[in-house]
Each structure stands twice: as C-alpha cells, then as structure tokens.
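J.: quick one, what's the 3D model for this:
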Amino acid sequence: MKKYSFLVFHREYEEFLLKLRDMGVVHIIEKEGALTEEIREQLQQAEQLDKLIRSLENRGVTPGAAVSVEDVTVLYDEINGILNKQSLLAQRQAQLRKEMAETQPWGDFSTELIHRLEDKSIRIRLFIASLRSWDPELVKDAEIFEISRSAGMIYFAWVDTGQPFPVIDADEVRLPAHSLTELLELKKEIAEEESGLNARLDEIAAGNLDALKTYRQQLLQDAELEKAFSTTTSEAGDKLHILEGWIPAGTADVLNRFLDQEGVFYLSESPVPGDSVPILLKNKGFASKFEMLGELYSLPGYKELDLTPFFAPFYTIFFGFCLGDAGYGVLMTIAALIARAKVGKHLKPVATLVSYLGISTILFGLISGTAFGINLYETGLPGYSRMQELFVANGTDINSILFALSLILGGIQIIFGMVLKAANETVQFGFRYALGTIGWIILLVGLAAVFGLSKYAGIPMEMLKPVMYAVLAAGGILVLFMNSPGKNLLMNFGIGLWNSYNMVTGVLGDLLSYIRLFALGISSAILGFVFNSLALSVGTSIIGIFFMVIILVIGHGINIFMSGLGSFVHPMRLTFVEFYKNSGFSGGGRKYEPFRKLT
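T.: Model (predicted):
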C-alpha cells in the first residue's frame, strides 16, 4: 500500500472528489468524528431501504414495465406506511384470534339483545365451572342455562334478576365484547384490508424496484461523498483542502498520471510502523473462496501473512472428515453446482465453496465407508469386503484408523502453523526473532521422527539415541537461549522455561482438540444408521413403505442439517483457535474499501 496526501484548491475540490470517486482506487483515511449526524441518517435510511427492497424481492413478483416515479421519497414513505399498517393488522389479527377463542365456547349471541335486557334490569352473567364439581340438582330451580362443555369445563349463563346466586364453585368471566358474527365480520374486514395492501406492494415490486435500488445507491454515494468532505482538513483560511488516503502500490502509476494531468499537488509515501493500513487480500482460484470464512475472524495485519491459502485445504479436509457421508456429499455437490448456475454473481463463490466441501465429504465418506447411514464395509462390496478382511487380520477397524488420522492431521496442522509463524516473524521482525519458534519445530518434528522410526521402522532406540540427543540439544539451545533477541542469556533462559511450560501444555491440549473431527464423523454416521433402522422397522406394506420414505427423507434431512452445521462450525473453531494461535496470527486488519462510484 502507498499513502497519498492531496492538496487541492477549494473551488476545484468537489470536482476533484467526483473524479477520484470515478477512479475508485483511494481508500480515504477518515478523521475521528467524520461521521456526522446527517451522514448517519443517510446510511440508516439506506439500510432501511435495503430491507424494504429485500422484502419486495422476496414477494416473488415477476418484474414488469418500469413505472415512472417523480419522487422516490414519496414511494419510500408509502412502503413504510404499508408495512407499518401490516404490522398493526398482524397485531389486530392476533388479538382477534384470542378474542374468538375466548368467545367460541359461548356460541353466537346478540350483544344488542343483552344490552336491551340490562336496560330492563335483567343482567346476563357468565360463569365457568369444573365438570367434577358440577351438580345439576343444585341449579335445577335457578335461572341457569348451560351453554357448552369443553376440556372438562362447563360454560353456563345465569340470569341475574336480583335473587342470590346458587352455591356453586364457579368463576365468573366478563361478557364478550363482540359476538362470533361480529368477530367474523371484523376478521373479513382485516383480510380485505391486508389483501389490498399486499396488492399495492406487489404493484410496487413489479414496477418500482429499479427506482428504489437507484435511490438507495444514490443515498450511499451521497453519504460517502459527504464523508469525504467531512474528513477533509482545511488550511490557508479554507482556501486549500487536504485529503489523505491509501491505494494499492500496483495502481500508483495510474493515479500519478491522473494527478499530474489534473495539476493536483500530492505526496506519496510508504507505510511506517503505527499506520492503520487497509488490507487488500489477493487470493485467486481455490483459496479466494475461503476469504469470506477468514473475514469472520479477522483480516491479517499489514505485513502479516494472509493465512487464507494455508487454512483453506485443511478446512476442506476437516469438513469432509466431520460430515463423512458419501451420499450427503453427492447431494451437497449437486445442489451447489445447480445453485451456482442460477444465483447472482455475488453468491457464486459461496456455491463454489459448498461444492468443494461436498467433494471432500464424498471422499471421506468413501474412506469411512458411509453413504446415507449405510456401513459400506458390511455390504459385501468387493473393495470394502477386502479392506474389512485386512482390518480384521491386523486387529484393527476403520474407526481406529480414523481416530489416529484425526490426531495425525491435527499434528500436521499444528507443525505447519509453527512453520508459518517462523516465516511471519522473519518477514516482520527478522530471522533472529524466529529462532525460538524454529527450535520448537526442530524438537517436535525431530522427536516425532525418532519415535516413528523406532516404533514403525523397527530401528532400535539405542541406534537412534545420538539423533535424539542432537535434536534435544539443537532445539533446546534455540528455545531456551535464543527466544528473545536483545536480552541477556539469563533473561532468555527464564522466558524459555516459561514458554516451554506453556508450549507443552498448549500443544497437548491443541492436539486433543482434533479428536472432535473423529467424534463428529462417528455421530453423523450413527444418526444416519438410526434413521435407517427406524424406517425399516415400519414394515414393507404399501403404508409401511409410505412412512418409510417419510422417515428417511425427514430423518436424513435433519441429519444433514445438524451434522452439516457442526461440520461447518468445528473446523472453523480448529482454524481460528488451534491453527491461528500456533501460527502466531495477530489480525486486526481493516478491509480496503476504496472511495468509488456504486454500480
């Protein structure tokens, strides 16, 4: 990145900003307090308008011929008014449903007749009593009339003519304000009003979406332009305006030619420590699809390695490991490829990412021998039956192998993270600052190699002891005495001991965290097996097959959703906690967002 400072005469400043916006390469450095109340209102209105546009798009109305709108703000206010009316109608509908439920047991009646009786000192009072405590003999001679019975309760009316109320364990309730006929009429009126509002929204959605989108775009552009003005520094009695911003170094020549052509005085300089430099990621192909995941945590700091291309393969592998069902992977991949052909440009990377994860799920499903909850190792298929025989002959099974594989993958990612940390420290501070990390890499890789050669290659430990001592000596010296350049040996030794304690306990905990890959894969397979068993238990009759299909579709749908969610979240957790920590990732970068014209 290059930092630019522009010095422009005040009369030419607005034209300069508009041309700078057309170029769309300068990330303006905002001053504190640059976001004025007016700008906030514009951004808030644009956000509200965006919600309105999405709600209109979700109505599924086929766009028609564009309708000319003289003032979009009037249309905006009308839509807001309609949505507010719909909200009030929804509240009225909820109240109406409650009132109808309370009125239903009393049947239909005339409120007018009841009021006329009250005028003649005849009052109708309503009561509810439990059927258990109801005794028809007690009310035989009283002016009590049973209305209805429901859920163990009896609803009755008493004609109060001044006589005492019989001794009955009952609760009096308020006389409904409306009869059922009146409530049904109110319901019809609300439905008609709702229908009219929906028809108007459909009409707006068919002919005015483009006008609303243009208005929203204009609001955002005006807000950005106002923000540029408010972040400007004025000098020489407001005759000169100063603006600062960042641009990618690769576009400096283009900007310089423009500034020279416009006769604008400018200064260009490289970032210095302490500068808040915006971050522009430059991944391509496979890795670029994972940038959206990395941004969920944080962008790298300036001069810090972008870990996206390094965690992308691991995340893909871990997702497939967790879901681990070839059938689910096939469904994911097909759905992603179909979606990629239909969705807009901004959603195509998401669909492509899902297809990568689906392919990984297919591969791990074939390895684990699971497809739609079916254990392929028990089906007698030629390849799987042969593998099963090999497992039995060696006293193991696929689950033991997957358990070991999860730990091996975890160890590889942790070591790889340390290698990246050493590279990061070398780039940012110099090779001397990476020696402590290199020492830990030598220790972990060297000791793992010695253990592997002894256990699996059959080399006696006595022969490997010189190698082990050399590894301990080389790694120990770097870890204990060269961890903090510039400090004395005694200080380095103390820091090294403390770092050793943290490293040993931390790496062990990090490594055990990768067992979740195996656990999630097993849980997904078990749930699929359970739904298959449940479906088969309903029988093979026509009705049984019907319910079998329903159980399979719903059951596997639930399993895909729940297991897919876990497969998305837990590899991300391993990436952002274990991998980022061992890579020494600091983050905190701010995204490069150039001042440009929206399209």
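
J.: tell me how many other residues surround A151.
T.: 6 (other CB atoms under 10 Å). For the C-beta atoms, the positions are set from N, CA and C on the backbone; glycine is no exception.

J.: helices along the stretch 451-599 of the chain, start to end?
T.: 461-481, 489-513, 515-536, 542-573, 580-582 (DSSP state H, counting those that start in this stretch).

J.: need the residue closest to the centroid of this structure.
T.: Nearest to the geometric centre of the chain sits L296, at 8.4 Å (CA atoms, centre = their mean).

J.: can you give the distance from whichever helix or strand T333 is part of to the centre of its chain?
T.: With elements taken from DSSP states H and E, the one containing T333 is helix 326-342. The chain centre lies 20 Å from the centre of helix 326-342; the measure is CA atoms, centre = their mean, to the nearest Å.

J.: packing partners of it?
T.: helix 348-368, strand 370-371, helix 542-573 (3 or more CB pairs under 8 Å, 6 or more residues apart in numbering; DSSP states H and E).

J.: try 6 Å this time
T.: In terms of contacts (3 or more CB pairs under 6 Å, 6 or more residues apart in numbering; DSSP states H and E), helix 326-342 is packed against helix 348-368.

J.: now do the helices in the stretch 101-250 of the chain.
T.: 111-119, 180-207, 209-230.

J.: thinking again about what came up before, of all the helices of the stretch 451-599 of the chain, which lies closest to Q45?
T.: helix 542-573 (34.4 Å; CB to CB).

J.: between that closest one and helix 348-368, how big is the angle?
T.: Helix 542-573 and helix 348-368 are oriented at 110 degrees to each other (axes from the mean of the first three to the mean of the last three CA atoms, to 10 degrees).

J.: what comes up buried for helix 542-573?
T.: Buried residues in helix 542-573, counted by 16 or more other CB atoms under 10 Å: 548, 551-552, 555-556, 559-560, 563-564, 566-568, 570-572.

J.: lowest-scoring secondary structure element of this structure by mean pLDDT?
T.: When the helices and strands of the chain are scored by mean pLDDT, DSSP states H and E, helix 111-119 comes last with a mean of 79.

J.: pLDDT weak spots in the stretch 51-200 of the chain?
T.: Where the stretch 51-200 of the chain drops to pLDDT under 70, the residues are 65-67, 69-70, 138-142.

J.: what's the burial count for S133?
T.: Neighbour number of S133 under other CB under 10 Å is 11.

J.: wait, L225
T.: 17.

J.: same question, L18
T.: By other CB under 10 Å, neighbour count at L18 equals 12.

J.: buried sites along the helix or strand that contains it?
T.: For L18, the element it lies in under DSSP H and E is helix 10-23. Using 16+ other CB under 10 Å as the test for burial, helix 10-23 gives 13, 16-17, 20-21, 23.

J.: tilt between that helix and helix 209-230?
T.: Going by the same axes, to 10 degrees, helix 10-23 is angled at 130 degrees with respect to helix 209-230.

J.: what lines up beside the helix or strand just after helix 10-23 in the sheet?
T.: Remark: after helix 10-23, the chain's next helix or strand is strand 27-28, criterion DSSP H and E. Using DSSP bridges, strand 27-28 pairs in its sheet with strand 240-247 (antiparallel).

J.: hmm, who's touching the strand it pairs with?
T.: Residues from elsewhere that reach strand 240-247 (CB atoms under 6 Å, 6 or more residues apart in numbering): 1-8, 10, 13, 25-29, 232-234, 255, 278.

J.: do stretch 94-110 as well
T.: 147-148, 150, 155, 176, 179-181, 183, 187.

J.: give me that answer again for 10 Å
T.: Residues from elsewhere that reach stretch 94-110 (CB atoms under 10 Å, 6 or more residues apart in numbering): 89, 116, 124, 126, 128, 147-151, 153-157, 173-184, 186-187, 190.

J.: buried ones in it, by neighbour count?
T.: Result for stretch 94-110 [16+ other CB under 10 Å]: buried residues 96, 99-100, 103, 105-106, 109.

J.: buried subset of the contacts of strand 240-247?
T.: With neighbours counted by 16+ other CB under 10 Å, these contain buried members at 1-4, 6, 8, 13, 25-29, 232, 255, 278.

J.: tell me the one among the residues you listed nearest to A519.
T.: P278 (40.2 Å).

J.: Provide the backbone phi and psi angles at F165.
T.: Backbone torsions for F165, taken as degrees, to the nearest 10, come to phi -70, psi 130.

J.: so where's this protein shaky on pLDDT?
T.: Ranges of the chain meeting pLDDT under 70: 33-34, 65-67, 69-70, 138-142, 599.

J.: domain assignment for it?
T.: Following automatic domain parsing, the chain resolves into domains at 1-29+231-278, 33-101+183-229, 109-178, 283-417+514-586, 429-502.

J.: check contacts around A249.
T.: Contacts of A249 by CB under 10 Å, 6+ apart are 1-2, 268, 270.

J.: same thing but 6 Å
T.: Going by CB under 6 Å, 6+ apart, A249 touches K2.

J.: with N283 instead?
T.: Contact analysis of N283 by CB under 6 Å, 6+ apart lists 291, 308-309.

J.: the same query, at a cut-off of 8 Å, please.
T.: By CB atoms under 8 Å, 6 or more residues apart in numbering, the contact list for N283 reads 290-291, 306, 308-309.
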